[in-house]
Each structure stands twice: as C-alpha cells, then as structure tokens.
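> Next comes the sequence, and after it the predicted model I'd like to discuss.
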Amino acid sequence: MEHLRVGFAFCGSFCTYDKAMAALEQVRARYGDVTPIVSERSADTDTRFGEAHEFMREMERICDKRVIDSIPKAEPIGPQKLLDVLVIAPCTGSTLARLANGFSDTAVTMAAKAMWRNGRPVVLAVSTNDGLGASAKNIGALLEKKYVYFVPYGQDDPEKKPTSLVADFSKVEIEPLFQEFVDFETFAKSDFRAVKVKACDAVKKSEKLLRFTLDDGTGVDRQILSGIHKWYEPEDLVGKTLVAIVNLPPRKMMGLESNGMLISAVHTEHGEECLHLIMVDDSIPAGAKLC
C-alpha cells in the first residue's frame with residue numbers, strides 16, 4: 001500500500017455519490033490514509049438518492065475516520081499540514097464559484113484554501129448542470145490557478161442537458177509523493193534552463209526517440225534525445241520553449257549523444273501512461289535559469 005495522506009471531499013451533486021463513493025473505495029484501498037470531508041449542505045440534506053447520515057456513515061466506514069463536516073473541524077488542515085492532496089468529488093457549480101473567487105465559507109472550501117496555502121494539490125471532479133453556462137468562467141479561472149488539477153470531464157447528456165458537465169470518476173488516479181527528502185545542496189546542483197526547439201526529428205530505427213536541436217542561450221546548439229514519440233510528432237514541437245536539465249553527463253542513445261534531459265509531467269489514465277512536455281511562455285529567453 002502506498003502512503004499518501006488524502007482528503008476526499010463531497011459536495012452537493014447527490015446524483016453522482018454512487019460513483020464518488022466507488023472512487024473513495026479505490027483511493028482508500030491504494031493509499032490507506034484517507035480523511036472524508038463534506039460540505040455543510042451535504043451533511044444536512046436528504047434527497048431521493050439517499051439520506052445524508054447514511055452517506056456519512058458509509059464514508060466513515062470506508063475511511064475508518066470521522067467525517068470533517070464543519071469549518072472549525074477543517075481549519076487544522078492548514079497549520080498542522082494534515083493532508084498531502086485533496087480530492088473534491090463531486091465538485092459542484094457553487095463550489096467552483098467559491099474556489100474561483102476565494103471564498104472559504106464551507107468545510108470543503110476551507111480545506112482547499114488550507115492546501116493552497118501549503119502549496120499542495122487540489123484535484124477537482126466537476127459535476128454541474130451549468131458547466132458550459134454560468135460555471136464556465138469559474139472553470140476557466142481555476143484551470144489557470146496553481147496547484148489545481150481536473151479529473152477529465154465531458155457532457156453527460158448533450159441533448160437533454162446541453163450545459164451539463166460531469167467528470168469521469170473512474171479516471172481518478174493519484175501519483176504518490178516521494179517520501180525521501182533531497183537536501184537543498186543536492187537539488188541546487190541541478191541546472192534547469194529554458195531551451196528553444198530549433199529542430200526536431202525522429203531517430204531512425206527507433207519507435208520512441210526524438211532528436212532535439214536546442215538553443216540553450218550559449219550560442220552553441222545542444223542536442224537532447226527524448227523517448228516521447230508516442231505522444232508528440234517532431235514537427236509540432238519546433239519553435240516551442242521547453243525546460244531541460246543541462247548539466248547531466250552525456251549519454252549515448254542509438255549511437256547519438258544526448259546532452260541533458262527534457263522535463264515532462266506524467267500521469268495514468270485507465271492504466272495507460274500519459275505524458276506532457278513542460279512548455280513555458282515563449283517570451284522567456286533561451287538559457288533563462290529556472291529556480
């Protein structure tokens with residue numbers, strides 16, 4: 001079992017609670033240490049989908065912890081750094097509005113505020129009938145916010161509910177954090193630089209490798225090879241500004257020398273690895289140091 005302290009928060013989209021509860025079961029089975037959190041409305045509202053106290057009892061059974069259902073109970077999450085990641089599933093339109101506009105007037109939004117204060121991630125599984133209506137601007141604002149991640153979402157019924165958006169709860173997967181600390185002196189030795197892609201081509205006889213010719217600000221082209229052809233075509237990357245570690249020792253790959261490593265973000269969907277190169281603003285000059 002991987003160790004990660006997860007907060008799993010429920011808001012008021014009651015029709016998705018069965019899917020959210022199944023996701024909670026999976027997260028608990030994988031990480032063990034899971035804290036259930038509910039908004040005050042969810043804690044007090046019975047619906048045709050079930051009674052509030054029954055949902056909360058099931059959350060406590062799955063997590064073997066008492067539910068956090070008020071702002072006073074949520075407040076210690078920040079100063080005591082109780083969680084490594086917070087999942088809000090389902091995340092309703094009203095919660096999106098609160099998060100986008102900085103309100104922390106519920107147990108769930110107070111927990112999210114605590115996570116952001118500590119520089120820790122919040123994962124949102126959207127479920128709202130006005131995702132392509134009034135909530136669209138709030139989703140857009142949160143997409144630009146640091147430490148916010150979205151579970152993939154889409155329209156659940158385009159004909160009958162054309163503005164409705166619902167996350168695919170089966171795609172909730174959290175990559176565990178490293179438990180070993182790296183001392184600052186060791187980290188500081190890594191030289192991260194912005195690099196401009198001057199040319200990119202597929203390496204012959206290799207299904208995976210792309211060869212990059214990069215401007216690293218020194219006036220001498222740098223060659224880096226990267227096994228990302230599964231996710232990118234070389235012509236799509238020319239002109240992009242990427243991030244590379246440039247002080248790694250040279251390494252031979254398919255007879256070619258690679259001088260550094262490009263930085264990517266990876267995650268898993270349905271058991272398949274997905275990769276995204278880290279691309280930065282093109283106004284950043286080649287050779288700019290990241291720190």
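Nice, I can see it.
> Number of residues surrounding residue 140?
Per other C-beta atoms under 10 Å, the neighbour tally for residue 140 reads 10. (Each C-beta comes from the backbone N, C-alpha and C, glycine too.)
> Give me the mean pLDDT for the host helix or strand of it.
Counting by DSSP states H and E, the element that carries residue 140 is helix 136-143. For helix 136-143, mean pLDDT is 93.
> What are the buried residues along that helix?
136, 138-139, 142 (16 or more other C-beta atoms under 10 Å).
> where do the helices sit along this structure?
All helices of the chain, identified by DSSP state H, fall at 17-31, 40-44, 52-63, 71-74, 93-100, 107-117, 136-143, 184-188.
> With distance to residue 160 added, can I get these in CSV?
Formatted as CSV, the helices of the chain follow (distance: least, C-beta to C-beta, whole Å):
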stretch, distance to residue 160
helix 17-31, 19
helix 40-44, 25
helix 52-63, 26
helix 71-74, 36
helix 93-100, 18
helix 107-117, 28
helix 136-143, 19
helix 184-188, 52
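> Of those, which is nearest residue 10?
Closest of the helices of the chain to residue 10 is helix 40-44, at 5.4 Å (criterion: C-beta to C-beta).
> what's the closest of the buried residues of helix 136-143 to residue 82?
Of all the buried residues of helix 136-143, the one sitting nearest residue 82 is residue 142; the distance, using C-beta to C-beta, is 22.7 Å.
> Settle this for me: that closest one is touching residue 100, isn't it.
Yes. The criterion here is C-beta atoms under 8 Å, and residue 142 meets it with residue 100 at 5.4 Å.
> give me every residue that touches residue 84.
4-6, 120, 177 (C-beta atoms under 8 Å, 6 or more residues apart in numbering).
> Name the member of these with the shortest distance to residue 67.
Nearest to residue 67, judged by C-beta to C-beta, of the contacts of residue 84 is residue 6 at 14.2 Å.
> Look up which residues are beta-bridged to the closest one.
residue 34, residue 85 (DSSP bridges).
> before we move on, back to that, for residue 272, find the nearest of the helices of the chain.
For these, proximity to residue 272 was assessed by C-beta to C-beta; helix 17-31 is nearest, at 16.8 Å.
> Take the closest one, keep the C-alpha atoms, and write them as PDB.
Coordinates of each C-alpha in helix 17-31 appear next as PDB, following Å, rounded to 0.1, in the frame of the first residue of the first chain:
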ATOM      1  CA  TYR A  17     -22.500  10.000  -5.000                       C
ATOM      2  CA  ASP A  18     -22.500   6.300  -6.000                       C
ATOM      3  CA  LYS A  19     -19.600   7.000  -8.500                       C
ATOM      4  CA  ALA A  20     -17.800   9.200  -6.000                       C
ATOM      5  CA  MET A  21     -18.200   6.600  -3.300                       C
ATOM      6  CA  ALA A  22     -16.700   3.900  -5.600                       C
ATOM      7  CA  ALA A  23     -13.700   6.300  -6.200                       C
ATOM      8  CA  LEU A  24     -13.300   6.800  -2.500                       C
ATOM      9  CA  GLU A  25     -13.100   3.000  -2.000                       C
ATOM     10  CA  GLN A  26     -10.400   2.800  -4.600                       C
ATOM     11  CA  VAL A  27      -8.400   5.600  -3.100                       C
ATOM     12  CA  ARG A  28      -8.700   4.200   0.300                       C
ATOM     13  CA  ALA A  29      -7.600   0.700  -0.900                       C
ATOM     14  CA  ARG A  30      -4.500   2.200  -2.600                       C
ATOM     15  CA  TYR A  31      -3.400   4.800  -0.100                       C
END
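> Can you tell me what sits against that helix?
Applying C-beta under 8 Å, 6+ apart, the set of residues contacting helix 17-31 from outside is 1-6, 8, 10, 34, 36, 49-50, 55, 58-59, 62-63, 87, 89-90, 125, 169-170, 172, 174, 176.
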